[in-house]
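Student: Have a look at this prediction, sequence included:
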Amino acid sequence: MKTFLALDLEGSNLRIGEIDPQGKVLQQKLYGAEFEDQAGAVKIIEDSLGDYIRNVGWATGKYPVAMGVGLVGRVDPRQGVWMQIDSQRSDPTPLADMLSRNYGIPAWIDNDVKAATQAVQRFELKSNNFIYMNVGACIAASVVADGVLIRGGHYNSGEVGHAVVDIDVGVTCSCGRKNCIELIAGGIGFDKTARLLAPKYKTSLTIPPEGQRVSMEEVFDLYRKGDGLCTRMVQNAADALAGIIMNMVKVTDPDTVVLGGEMMTNGDIHGEILVRLNPTTVRFVTGGVVLTGLNPEVIGLIGAGAMAMNNYEGKRI
Ligand SMILES: [Zn+2]
């Protein structure tokens, strides 16, 4: 059996694992990954991979046939260049060639959400027209239209976290716009918005010192108990996400919208989104606006594997 080595740089962790052709994670290990810049991240990738090969080894006793790496930020998957973490941290790095040379197998890299989208297409949906939206600390989406994963002229497509829908919370984004949906429905945004709105609502929510984030578990727990602030924030988030989903549906005409990411895992926001969707607007979304069936904890890892498989087979979605 051929296997694929997969790496997913997610937030402050690096997950490394081996995937079989059906998308099953055969084995995996999670590494801490605190880095300031791309050079720091590459060092962590190389050190962790060294540890993985020494201490976890290969599931079948044979070397994987190829590797895929999912990364935060802007990635040129054709040239294998990791272009930037964000607009302030740009150090174009030919990571795919470096890895391929060092480990002796073909290596491909991609943005983490675009990699997860390939897992959804390969193992879950088999659709040529869908949207995958990741709602985690930040928000991004990938559009597959007519079988093509839209990347854009600068590999910067799908940054819908910085779109604005008709909700005025009065919060300013680091991108310069006001009320970007990421600030209303993303994990980091919930924290910012909670601090901004707390004085205006009756609430039992613990607001921790700056530098620590509001607990989402507590937010959802209090929302279920009818807490004023938490209800407002969950409703704002659902309004923001339903708004962007309907806007995207009108632009790209998908048959399915798949939602993933840590903010979607408990189901509360999903239910609130569904009741806000205008039936006429989403009438052609016959597959529904659904939560991914892939385990959210490893969807990025499976995505890195799926991306390696697509490239290995010469398929580029
Ligand atoms: Zn923004």
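Tutor: Yep, it's here. Since the model is a prediction, treat every value here as computed from it, not as a measurement.
Student: can you map out the helices along the stretch 51-200 of the chain?
Tutor: 95-103, 112-120, 181-185, 187-197 (DSSP state H, counting those that start in this stretch).
Student: Touching the third one from outside, list them.
Tutor: The one in question is helix 181-185. With contact meaning CB atoms under 8 Å, 6 or more residues apart in numbering, helix 181-185 is reached by 135, 138-139, 160-165, 167, 169, 171, 173, 188-189, 192-193, 236-241, 243-244, 263, 269. For the C-beta atoms, the positions are set from N, CA and C on the backbone; glycine is no exception.
Student: Intersect those residues with the contacts of the ion.
Tutor: His162, Cys173 (CB under 5 Å from the ion).
Student: Relative to Gly187, how far out is the residue nearest to Pro296 when sequence neighbours are not counted?
Tutor: The shortest distance from Pro296 to any residue other than its chain neighbours is 5.3 Å, reached at Thr265 (CB to CB, 6 or more residues apart in numbering). When distance is defined by CB to CB, to the nearest Å, Thr265 is 11 Å away from Gly187.
Student: Same question for Ser174.
Tutor: Taken as CB to CB, the span from Ser174 to Gly187 is 15 Å.
Student: So which of the two has more stuff around it?
Tutor: Gly187 (20 against 13; other CB atoms under 10 Å).
Student: Now do the more buried one against the ion, distance only.
Tutor: With the distance defined as CB to the ion, to the nearest Å, Gly187 ends up 15 Å from the ion.
Student: again, but for Arg177
Tutor: 5 Å.
Student: Contacts only, for that residue.
Tutor: Here Arg177 is in contact with His162, Val164 (CB under 8 Å, 6+ apart).
Student: again, only this time at 10 Å
Tutor: By CB atoms under 10 Å, 6 or more residues apart in numbering, the contact list for Arg177 reads His162, Ala163, Val164, Leu183.
Student: Most neighbours out of those residues, which is it?
Tutor: Going by other CB under 10 Å, Leu183 tops the contacts of Arg177 with 29 neighbours.
Student: Bridge partners for Ala140, pull those for me.
Tutor: Asn134 (DSSP bridges).
Student: How about the residues of the stretch 101-250 of the chain by the ion?
Tutor: So far as CB under 5 Å from the ion goes, the stretch 101-250 of the chain lies against the ion at His162, Cys173, Cys175, Arg177, Cys180.
Student: In JSON lines, list those residues along with pLDDT and distance to Pro199.
Tutor: Compiled in JSON lines, those are given as follows (pLDDT from 0 to 100; distance: CB to CB, whole Å):
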{"residue": "His162", "pLDDT": "96", "distance to Pro199": "27"}
{"residue": "Cys173", "pLDDT": "91", "distance to Pro199": "21"}
{"residue": "Cys175", "pLDDT": "90", "distance to Pro199": "25"}
{"residue": "Arg177", "pLDDT": "94", "distance to Pro199": "24"}
{"residue": "Cys180", "pLDDT": "97", "distance to Pro199": "22"}
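Student: what's the next secondary structure element after the longest helix anywhere in the chain?
Tutor: Secondary structure of the chain per DSSP state H: the longest helix is helix 228-252. Going down the chain from helix 228-252, the next helix or strand is strand 256-260, by DSSP states H and E.
Student: other SSEs contacting that following strand?
Tutor: Under the contact criterion of 3 or more CB pairs under 10 Å, 6 or more residues apart in numbering; DSSP states H and E, strand 256-260 touches helix 112-120, strand 130-135, strand 139-145, helix 228-252, helix 268-274, strand 288-291, helix 299-312.
Student: Recalculate using a threshold of 6 Å.
Tutor: strand 130-135, strand 288-291 (3 or more CB pairs under 6 Å, 6 or more residues apart in numbering; DSSP states H and E).
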